Each structure stands twice: as C-alpha cells, then as structure tokens.
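Q: give me a 3D structure for the following:
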Amino acid sequence: MEKKDPLHRSFGYAFEGIDTCIKKERNMKIHCMMAIFVIIAGMICKISVIEWCICFILFGLIMALELVNTAVEATVDLITEERKPLAKIAKDTAAGAVLIAAIMAAVVGCIIFLPKVLVMIGMQNFLFM
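A: Sure thing, here's the model as predicted:
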C-alpha cells in the first residue's frame, strides 16, 4: 500500500494549484479582480454580515469552478491534442459551469448592491416604481 504525503504537503499541492491557476488563467485573474472590486464596494456600501457571507460563498464557488475547469481542460489536453467531439463537450461544459455561476453571482450582486448605490446617489425613488 502506498504511503500518503503528510497533510501539510497536501495543502502545499493545493496552494500550488491555486497559484498556478491565478498566474496562468486569464479568467481566474478576472475573478480575483472582481472579488477585490466587490470587497471594496461592500466596504463602501456597508453591506450586512449576511450579504458578506453570500459574497464570499459566491467567490468560493466561482473560483473553485474555475479551478475544476482548468483541471478538466488540462486533462483533456494531456489525453489528446486532436480535436474530438467528446473533448470539446468536456471543455465547453466545464467552462459553461463557470459561466452560469458567474452570471448568477452578478445577478445576486445587483440585488445586493443596486439598492444601496441608488440610495447613495439619491435615486431611491427608482426602488419603488
């Protein structure tokens, strides 16, 4: 039976994967920048604890899906360099999962932030139309 690496080494591999994805994947960079933007907006708008929790859950979901998408793409590329219909399905559906999560996060972001921004700029009348 093969001996497993110590737990601290497993965490090291995980952090290496995250670091690699941030450095090499454009979309992960975009997700990280959007997370920073939302954190700044959340501080400015003074969002509630529950709203912070929702934002951080969504950050985690989107970034985790991006990591899985990157893993799927790397695995498919490792297995074949040819253009195959099943390889395309695997890559496209993994990317689609990230896209759906990002769209839903944007909708939730609008629900959380739009009313606060409208109040800040004095246009709260638009909230009750």
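
Q: I'd like the distance between the residue nearest to residue 45 when sequence neighbours are not counted and residue 88.
A: Nearest non-adjacent residue to residue 45, counting by CB to CB, 6 or more residues apart in numbering: residue 116, 4.2 Å away. For the C-beta atoms, the positions are set from N, CA and C on the backbone; glycine is no exception. Using CB to CB, to the nearest Å, residue 116 is found at 42 Å from residue 88.

Q: neighbour count for the two, which is higher?
A: residue 116 (17 against 11; other CB atoms under 10 Å).

Q: what's the pLDDT at that one?
A: Residue 116 carries a pLDDT value of 93.

Q: next SSE downstream of the helix or strand in which residue 14 is found?
A: Assigned by DSSP states H and E, residue 14 falls within helix 7-24. Next helix or strand after helix 7-24 toward the C-terminus (DSSP H and E): helix 26-45.
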